[in-house]
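Engineer: Sequence isn't available, so here's the structure alone:
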């Protein structure tokens, strides 16, 4: 097909950003339908499409209406976390390709439902994890594939993002995070950090997650934030937030690697995804953006490593990932440094060409399962919980 007809479901903060900064500038797709629960957001979506020179799309406040093959070849699910899986399942059942934005699952059953629907229908499905296309993440992956880090032993990642303002005004801004933080205690947003790590460790492609342990700190950050800001709903000063301020999760993999994840969103802090890779010959650490290779440094260098902080950029000239080499020549598109453009383009091109989606339903299920599994582990005082194998053993032979 020349251009993929896309229905956009969810025109809140994320949906508006993606439409304005990515989707409506892509020349291989056209937005033919828009949907949101709220009328004003639907109107914004229609106006945005027209403003970008496309015909006015079909519009509805009911997502069932836009899952229509006469309207769309694919759906972009940019709505609240709770709605992702139900929309994806109905779309696959109707033969409409699914591009699903990130977030954790609400149960393991949801993950299995997603996998089984895909297996029954064969409808294309892609998990839109933009961080898998980050420039530094892809460079590090390229270096690992060339053997520069040796055998990978341990990885770390985090979603470390001060979201107190977004959560505090969740009611006013009709944002789903507030209700989740009030009622759930889990690693609620694991895939930004876990996606690149899973790809490095060949998860679902010769390796898999075996077990998980999670612990959560007490919850004080949101109450204190409400006390310090007069414009915040005073009820939040004493609200009982279930979500711990810092959640730490450790995952054990079948091939022996370990992964540590951190969720840290309700205390004062600078942004970081804490992307860290440790191998037998070297390491990368995001928080000081540095690479340490046995081949480049002497044992004495580790005593004064701070002088080499931010040295990762110099490796780009030699080890830039081919995807980014091509992207930089053609011109960056989309937000978040260009990785939005890459992930959305990968999905649309897979639909256009009938090729496999690079981040598939098995990836989505495994990464999203961290959320309900962490919730179980935290509730049991940090007890280990087993990871399902959503490939039913096929991970051994998938590549």
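Structural biologist: Yep, that arrived. In this text the structure is predicted, and so the values were computed from the model without any measurement.
Engineer: Quick check: the gap between the residue of the chain most remote from its centre and residue 321.
Structural biologist: What lies farthest from the middle of the chain is residue 300; by CA atoms, centre = their mean that is 38.1 Å. Per CB to CB, to the nearest Å, residue 300 is found 31 Å from residue 321. C-beta coordinates here come from the backbone N, C-alpha and C atoms, glycine included.
Engineer: What count of nearby residues applies to residue 71?
Structural biologist: Residue 71: 18 surrounding residues under other CB atoms under 10 Å.
Engineer: From residue 64, how far off is it?
Structural biologist: On the measure of CB to CB, residue 71 and residue 64 end up 12 Å apart.
Engineer: in the stretch 151-300 of the chain, which spans are helices?
Structural biologist: For the stretch 151-300 of the chain, helices defined by DSSP state H, counting those that start in this stretch occupy the ranges 164-168, 177-183, 191-200, 221-228.
Engineer: Ramachandran coordinates for residue 388?
Structural biologist: Dihedral pair for residue 388: phi -70, psi 150, per degrees, to the nearest 10.
Engineer: Was I right to think it contacts residue 107?
Structural biologist: No: Residue 388 lies out of contact with residue 107 (CB atoms under 8 Å); the separation is 11.4 Å.
Engineer: Neighbour count: those two, which is higher?
Structural biologist: More crowded of residue 388 and residue 107, by other CB under 10 Å: residue 388, with 16 against 13.
Engineer: before we move on, back to that, mind pulling up the pLDDT for the residue farthest from the centre of the chain?
Structural biologist: We have a pLDDT of 75 for residue 300.
Engineer: how much space between it and residue 284?
Structural biologist: Distance, residue 300 to residue 284, using CB to CB: 21 Å.
Engineer: Following the chain onward from the least confident helix or strand in the chain by mean pLDDT, which element is next?
Structural biologist: When the helices and strands of the chain are scored by mean pLDDT, DSSP states H and E, helix 322-330 comes last with a mean of 90. Going down the chain from helix 322-330, the next helix or strand is helix 339-353, by DSSP states H and E.
Engineer: can you give me how far that next one is from the chain middle?
Structural biologist: Mean-position distance between helix 339-353 and its chain equals 15 Å (CA atoms, centre = their mean, to the nearest Å).
Engineer: now stretch 167-176
Structural biologist: 21 Å.
Engineer: And it, what's buried?
Structural biologist: 167-170, 174-175 (16 or more other CB atoms under 10 Å).
Engineer: now do stretch 248-255
Structural biologist: Applying a neighbour-count criterion of 16+ other CB under 10 Å, one finds 248-254 buried in stretch 248-255.
Engineer: same question, stretch 92-110
Structural biologist: Of all the residues in stretch 92-110, those buried under the rule 16+ other CB under 10 Å are 92, 96-106, 108, 110.
Engineer: how far does it stretch from start to finish?
Structural biologist: Across stretch 92-110, the terminal residues are separated by 14 Å (CA to CA, to the nearest Å).
Engineer: still on that earlier bit, which residues does the least confident helix or strand of the chain contact?
Structural biologist: With contacts defined as CB atoms under 8 Å, 6 or more residues apart in numbering, helix 322-330 is touched by 133, 135, 138-139, 142, 320, 338, 341-342.
Engineer: for stretch 144-156, same thing?
Structural biologist: Here stretch 144-156 makes contact (CB under 8 Å, 6+ apart) with 140, 143, 197, 200-201, 256-262, 274-284, 293-295, 319.
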